[in-house]
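S.K.: Sequence plus the predicted model coming up.
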There are 2 protein chains.
Amino acid sequence: MSIYTEKNRKTKKLIQTSFMQIIENKSFEAITVGDITKVAQINRGTFYLHYKDKFDLLDQIEQQLFEDLGNHIDELQKYYSSMQKFEKNQEQLAATLFNSIKMHAPMLKIFLSDRGRAGFHLRFRDAFSEKVRVNLEKNESFHTNLKVPMEYYLSFITSAFLGLIEQWIQNGLDKTPDEMTALYIEIISIIQKNQSGL
Amino acid sequence: MSIYTEKNRKTKKLIQTSFMQIIENKSFEAITVGDITKVAQINRGTFYLHYKDKFDLLDQIEQQLFEDLGNHIDELQKYYSSMQKFEKNQEQLAATLFNSIKMHAPMLKIFLSDRGRAGFHLRFRDAFSEKVRVNLEKNESFHTNLKVPMEYYLSFITSAFLGLIEQWIQNGLDKTPDEMTALYIEIISIIQKNQSGL
DNA sequence: CCCAAAAATGAACACACTGTTAACTTTTGT
DNA sequence: ACAAAAGTTAACAGTGTGTTCATTTTTGGG
């Protein structure tokens, strides 16, 4: 746990930030280990002391992102939770989500684009689905009365929400998280009035 | 237009099917041109007579897929079209879509997975969005009364639909297109009863 | 049937990136 | 000062890239 661990951590961080700097303008598949170590100004061999390869590097960055997002959501969920009405709770979850997405928007923008890695949107959706599922299961009557398979329902609902998020990020965060929440509620109400268009 | 064109077309097709055979078990990023030509039993140089590189190959396969899907939808849309009620039309569009998705499921399954190429789901959604947009614009009152930006609405709605499709494909097409349509309608009705869970 | 055009082959090429190794230097704590 | 950890340097064999060029095969028109 001494300073060695600290130095180690710092180098890893340096590699990560250098990598993120490069992926701003170059697709992941085109990035080489040499590109990264040149920007980080370290020896190429040093990279391999910390990561197996560039995929391992991205895996670790991705994992940390999901952890951060998850923790942020969990923490804020504590403030509301059980004593409140179900519907109101959902709305607050949405607002919470838009906020934490905004914090990680630069990274998400890249990872969701064609510069990222294949399948990211699936891993993102799965991580997100899990949070929604836990939340849904708090409402027992909903869970037991659901006529469609849970997996399909979750996939539909989370994909819709992520679609909104993707559009938001693609638009360069042109709205505040509160505006996004309002927009989200408005869309739901359009569907409820049966004017969905689908 | 002679037999040379035909021969050319056949070789391209051979390269494509060989590639699709390989990508069943190996991720796109790991596939080499040598892998492809070995399976196709042609010279590696021949590959470069037809494609710039493996990315060009995938681009062309992808483009053709979107073209096929689009044509299929357009054609079936003709049978219903304008004289019918708007809502009924939407339901038929959904049924049509589930059918054409099923036809291309093997390829879509791979391209949407982490064996495919980054950003595929975006290109897929955009192609799909376009069809939905055209369809929505037939209903003028909807279009003019829409309170949220069209892009956000489209993103929400098409992502939701594609989420359902992704789950379906992931489940190995465990339902018929008709069952999927029923399932889709049921989910919409859940949301309309305000039990959405989001 | 023969010939010119197109397509495919085979082998070689320089180049770039990979992941690993081994000897060495620097940084750091005790 | 010395031992341990981290990083450096340079070299390596291996693999894939995209291109070249001389050669062979396939094909249709005259």
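M.R.: Happy to help now that I have it.

S.K.: make it CA atoms for all contacts and neighbour counts henceforth
M.R.: Will do.

S.K.: near chain B, anything from the lowest-mean-pLDDT helix or strand in chain A?
M.R.: None of the helices or strands of chain A scores lower by mean pLDDT, DSSP states H and E than helix A:140-145, at a mean of 77. Yes. Residues of helix A:140-145 contacting chain B under C-alpha under 8 Å from any C-alpha of the partner chain: residue A:142.

S.K.: Now do the buried residues in that helix.
M.R.: By neighbour count with 16 or more other C-alpha atoms under 10 Å in any protein chain shown, helix A:140-145 contains no buried residues.

S.K.: For the helix or strand that it is followed by, the averaged confidence score.
M.R.: With elements assigned by DSSP states H and E, the helix or strand that comes after helix A:140-145 is helix A:150-170. The pLDDT scores in helix A:150-170 average 96.

S.K.: got the contact list for helix A:150-170?
M.R.: Helix A:150-170 is touched from outside by A:98, A:101, A:105, A:108-109, A:112, A:125, A:128-129, A:132-133, A:174-175, A:184, B:151-153, B:155-164, B:167-168, B:187, B:198, with contacts defined as C-alpha atoms under 8 Å, 6 or more residues apart in numbering or on different chains.

S.K.: next SSE after that helix?
M.R.: Criterion used, DSSP H and E; the element after helix A:150-170 is helix A:177-192.

S.K.: Share the number of residues neighbouring residue A:154, please.
M.R.: For residue A:154, the neighbour count with other C-alpha atoms under 10 Å in any protein chain shown is 24.

S.K.: again with the one 5 residues further on
M.R.: Close neighbours of residue A:159, defined as other C-alpha under 10 Å, add up to 29.

S.K.: swap in the one 5 residues further on?
M.R.: Residues contacting residue A:164 under the criterion other C-alpha under 10 Å number 25.

S.K.: Would you check how far apart it and residue A:131 are?
M.R.: According to C-alpha to C-alpha, to the nearest Å, residue A:164 stands 17 Å off from residue A:131.

S.K.: Domain parsing of chain A, as residue ranges.
M.R.: Using automatic domain parsing, the domain parsing of chain A gives A:1-51, A:59-192.

S.K.: if I read this right, residue A:181 contacts residue A:93, doesn't it?
M.R.: No. The criterion here is C-alpha atoms under 8 Å, and residue A:181 misses it with residue A:93 at 9.7 Å.

S.K.: Poorly predicted segments of chain A, please.
M.R.: For chain A, applying pLDDT under 70 flags the ranges A:1-5, A:80-89, A:194-198.
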